Structures are given as C-alpha cells and as structure tokens.
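Colleague: no sequence on this one, just coordinates:
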C-alpha cells in the first residue's frame, strides 16, 4: 500500500542520513553536506508543526524526510556501486564535478596544449599571465554507468544533483567575492575565504610541479584567486608543461614573421602552425550590428566603452529593445548563463505582455531608474575581487579598468528582480 511504501521510505531515508552524517564517514566534505542538513532541519521543523497540529497523515512529511535522507544515502552510490547500494539509493544526489567553474565552452591554450603535445614534435605555449587552477580530478572523466542509471530511473535525482552542483558554487560562495577592508594581506588575497582558496590552489599547483621550483614560480599567479577566470584542472596542464617537447614562454608576443613567433624580448620561435586562443571582444555588446534608437541615437555610440543597461536588459533611448546576455550579466562567481537567460526571457515576455494588455506601442526604461541601478552596480563591482589592482589584464574590464561585463548579484536576487517588470519603472506609450 501507499502507507507501507511511505514507512519503508522513511526507514531507508533515515538510514541514508545516518550513513552520511555519522562522525568519520568521510564520504563528502562539510560544504557539500550543508544543503542536505538545511533541508533535513526544515523537514523536521515541518514534521513537528504538522504533528502538533494533529495532521491526519504525518507520514506525508516523513516521506519528504525520507527523500532528503535518501539523497544523503545516494551520496555513497558512485563510491560503493553495488547491487546492495542501488536499491537504497532512493534519493536525488550523486557527488560529481563542480561543473560551473571554468572554461567549458571557451577553447584556450589550457585545453589545447595537453592534446597538441601528444602529436607535435615541439610545442611553445606563450603565457602572459598565469592562471589559478581549480583541482578537479573528474574534469575529463566519463560519467559512470551507476550515475547514468540514477539519472534515468530515480525520480528527481537530476534536480537534486544539479542543486548540489549549483548552490555551493554560486550563491553559496557569493560573500567570498567581496573585499574585506580589514584583511591585512590585500596583495595576495581579499578575505579569509579567499586566503584559504589561495592556499588550496597553491598546494595543488605545487603538487603538480613536483621538485621543479622554477616551473612552480613561473606558473604561480601573483594576484588573489578568482580575480581572473579560474580554470578546472585534472593535472593535465602542468603535466603537459613538464614534457620534453613543450616549452613555456612567459613573454608577450609582439609579432609574427613568415616563419616564427617573436616575443617582446626579441626572441624568435620558429613554428609551422600557430594556434590562436587569445579571447574575444567581451565588451562589444551586439557588435557588429548597428542599432538606432530615438532621435537617431546609435547604441554603439551611446555605450562607447561603458555599456550599461537596466538589469542588463533595457536601455534608455531604445524603446522596445530587449537585450539577452547584456552588459554586466556575465557570471564569474560561477553560475549558469542558461539560468540568467531564462530570467531575462521571462522578464522580456512580461514586458511584451504588458504592452499587449495596455495596447501600448512602445516601452522604454526611465533614465533615472537605469542610472540609479547602474550606479549601484558600479559601486558593488568596485568592492569585488575582479576589480583588484593586482590584475593588469582581464577581459572583465574595459579600457579604463572598470569591470563592465560581470554581474555581482546573487542569482536568487536576480531571479527575484526579473520575475516580472515593475511598470512604474517604464514609460509606456
């Protein structure tokens, strides 16, 4: 019966909680456990209130706790994948990669060199600025058959898995991106969390370099962690740099000749093939389109090198223009551009719906609303690690050194602000 299944789920679920949270279990870190503990506490509170209210069916709440407990039990599935653990994995989580940090979609030398080194007789990699690396042994590892089975067959497993990837790496670490003015060693880190991150990343780099102290000094960044894009690493990058056929060149490239690459110190490196992994025009939104607004105003001229939009979506002088992935909506404290895009599209649809319902021809953000938002945005960004003076080059910044492409907001806040447009912030005609 349904009741019997619920009570069975309760027993297995609590077994899952005990398996994971018992002292010394060592299956996961406490940071990954926090959402589970939080959800369990909420469930227990909910159960208490329902029992006190003499709920007719408290097993409904116990069933919810069982799902939470099952989530805990399922943490063990990837590590102890046996016929015994499979039936117990009634929950929603498999521990995996923090896949929202790093360059998954931007091809760069960090990704290219380890593969090129396997084929080429000689590889030169030109490094202007070392990058911090996030240790991730699962970076290139295939998803296990056990995890695939869970995604296909366990209800809500994928949702819980996504949450445990998403939250700790986004809003869960949000406060760590802001400078603590009282922190004594601002040149190397910005707060206590950032210092811990630096020590962890440094330990990973030193481990990969082994006894090669010269290489360690050349690849260790001189700026605080997270000030530039952090890269996921499973050891392949520094392993490649230690190959006999790979040479790290830490001078800027000044020119290309017919047969060689010339660096700023005058050295030349003869090559047959040049592979570019040099970046993109992050600050040139909607380029190369030319968009004309009221009174012939050109969007490119209005923005110049300081693009700005309300919530990254709407712009004064440009009625009925809605921007996706606009100014200051890129994510560096980790997150998902798909999530941001969904927020923006919901907001845009709300604007269009408001126009249709009011038979309005145009909708345009008020100048004072736009300007106030962007003043707050600029003030907030100035307090983040991305604006740290130790960073000389960063695609986060414009030519004036101001951060213009990143969002400093919590994802939850941005989701709240974009749920529906506040029409008093707009002129509808």
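Modeller: Arrived safely. Note that the coordinates shown come from a computational prediction; the quantities given were computed from them, not determined experimentally.
Colleague: mind picking out the helix or strand in this structure with the poorest mean pLDDT?
Modeller: Across the helices and strands of the chain, mean confidence by mean pLDDT, DSSP states H and E is lowest for helix 85-88: a mean of 31.
Colleague: report the next helix or strand after that helix in sequence order.
Modeller: helix 109-116 (DSSP states H and E).
Colleague: which residues touch the helix or strand just after that next one?
Modeller: The helix or strand immediately downstream of helix 109-116 is strand 123-126, counting by DSSP H and E. With contacts defined as CB atoms under 8 Å, 6 or more residues apart in numbering, strand 123-126 is touched by 109, 113, 116-117, 240-241, 245-253, 261, 263, 269, 271. All C-beta spots, glycine's among them, are computed from the backbone N, C-alpha and C.
Colleague: in strands only, show me these.
Modeller: Per DSSP state E, strands hold the following members of the contacts of strand 123-126: 246, 247, 248, 249, 253, 261, 263, 269.
Colleague: in what helix or strand does residue 370 lie?
Modeller: Assigned by DSSP H and E, residue 370 belongs to helix 367-381.
Colleague: what is the helix or strand following that helix packed up against?
Modeller: From helix 367-381 onward toward the C-terminus, using DSSP H and E, the following helix or strand is helix 411-417. Judged by 3 or more CB pairs under 8 Å, 6 or more residues apart in numbering; DSSP states H and E, helix 411-417 is in contact with helix 337-357.
Colleague: run the last query once more with 6 Å
Modeller: The contact analysis (3 or more CB pairs under 6 Å, 6 or more residues apart in numbering; DSSP states H and E) places helix 411-417 against no helix or strand.
Colleague: got the contact list for that helix?
Modeller: Helix 411-417 is contacted by residues 170, 171, 335, 343 when judged by CB atoms under 6 Å, 6 or more residues apart in numbering.
Colleague: mind listing what's buried along that helix?
Modeller: By 16 or more other CB atoms under 10 Å, the buried positions in helix 411-417 come out as 411, 414, 417.
Colleague: residues of the next helix or strand after that helix that come out buried?
Modeller: Toward the C-terminus, helix 411-417 is succeeded by strand 426-428 as the next helix or strand (DSSP H and E). Residues residue 426 are the ones in strand 426-428 that count as buried (16+ other CB under 10 Å).
Colleague: what pairs with strand 426-428, and is each one parallel or antiparallel?
Modeller: In the sheet containing strand 426-428, its partner strands are strand 363-365 (antiparallel), by DSSP bridges.
Colleague: now the partner strand: average pLDDT?
Modeller: On average, the pLDDT along strand 363-365 is 98.
Colleague: so how far is that strand off the chain centroid?
Modeller: The chain centroid and the centroid of strand 363-365 are separated by 31 Å, computed with CA atoms, centre = their mean, to the nearest Å.
Colleague: could I get the average pLDDT for stretch 119-127?
Modeller: For stretch 119-127, mean pLDDT is 89.
Colleague: where does the stretch 51-200 of the chain have low pLDDT?
Modeller: Filtered on pLDDT under 70, the stretch 51-200 of the chain yields the residue ranges 51-108.
Colleague: one more time with 80
Modeller: 51-110, 137-140, 165, 168-169 (pLDDT under 80).
Colleague: and if you look at the stretch 301-429 of the chain?
Modeller: For the stretch 301-429 of the chain, the stretches with pLDDT under 80 are 333-335, 392-393.
Colleague: again, 70 this time
Modeller: Residues of the stretch 301-429 of the chain meeting the criterion pLDDT under 70: 334.
Colleague: closest one of the buried residues of helix 411-417 to residue 224?
Modeller: Nearest to residue 224 among the buried residues of helix 411-417 is residue 411, at 22.5 Å by CB to CB.
Colleague: and the gap between the closest one and residue 336?
Modeller: Distance of residue 411 to residue 336, computed by CB to CB, to the nearest Å: 8 Å.
Colleague: swap in residue 350?
Modeller: Taken as CB to CB, the span from residue 350 to residue 336 is 21 Å.
Colleague: cool, and residue 192?
Modeller: 27 Å.
Colleague: between those two, point out the one with more neighbours.
Modeller: With neighbours defined as other CB atoms under 10 Å, residue 192 and residue 336 compare such that residue 336 has more, 17 against 11.
Colleague: neighbours around residue 404, how many?
Modeller: Residue 404 has 23 nearby residues by other CB under 10 Å.
Colleague: that older thread, what is the lowest-pLDDT residue among the ones in strands among the contacts of strand 123-126?
Modeller: Ranked by pLDDT, the ones in strands among the contacts of strand 123-126 bottom out at residue 253 (87).
Colleague: quick check: closest non-adjacent residue to that residue.
Modeller: Excluding the flanking residues, the one nearest residue 253 by CB to CB, 6 or more residues apart in numbering is residue 126, at 5.3 Å.
Colleague: if we can go back for a sec, so for the helix holding residue 370, what gets flagged as buried?
Modeller: For helix 367-381, a neighbour-count test (16+ other CB under 10 Å) marks 369, 370, 373, 374, 377, 378, 380, 381 as buried.
Colleague: rewinding a little: pull the number of nearby residues for the residue nearest to residue 253.
Modeller: 18.
Colleague: now the one 10 residues further on
Modeller: When neighbours are defined as other CB under 10 Å, residue 136 has 20 of them.
Colleague: brilliant, that's me finished.
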